[in-house]
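> pasting the sequence and the predicted coordinates here, then a few questions.
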Amino acid sequence: MRVEFRQGVPEGCREWLNKNVGKGNRRITSIHDSAEYDWFYRRERVYPQGYDTPTYTCYITVKDPKLAMLFVLRWSS
């Protein structure tokens, strides 16, 4: 499950993921699916509709569906 963070990833989120979900990529990479990682962080350039200037949006993808739901409940509000 992929979760979008338009204002940046909340403080403590990555530590929580490492403790409760497992190993994740620590920096922006092009890796989207690897058996080595349980979750992925990605930052993408987004062009909002009607604007010429890009903004950046952060995404975290958790591979396990049950842990992903727990992650969403904890960090998406």
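Perfect, I can see it now.

> tell me what whichever strand or helix holds Tyr59 is packed against?
Per DSSP states H and E: Tyr59 is located in strand 55-62. In this structure, strand 55-62 packs against strand 2-5, helix 13-20, strand 39-46, helix 65-75, with contacts taken as 3 or more Cβ pairs under 8 Å, 6 or more residues apart in numbering; DSSP states H and E. For every residue, glycine as well, the C-beta is placed using N, CA and C.

> could you measure from the spatially most central residue of the chain over to Trp39?
In the chain, the residue lying closest to the centroid (Cα atoms, centre = their mean) is Ile60, at 1.1 Å. Separation of Ile60 from Trp39 (Cβ to Cβ, to the nearest Å) stands at 6 Å.

> give me the common contacts of these two.
Leu17, Phe71 (Cβ atoms under 8 Å, 6 or more residues apart in numbering).

> okay, the helices and strands packed on strand 55-62, which one's buried deepest?
Highest mean neighbour count of these: strand 39-46, a mean of 16 (counted as mean count of other Cβ atoms under 10 Å).

> no more questions from me, cheers.
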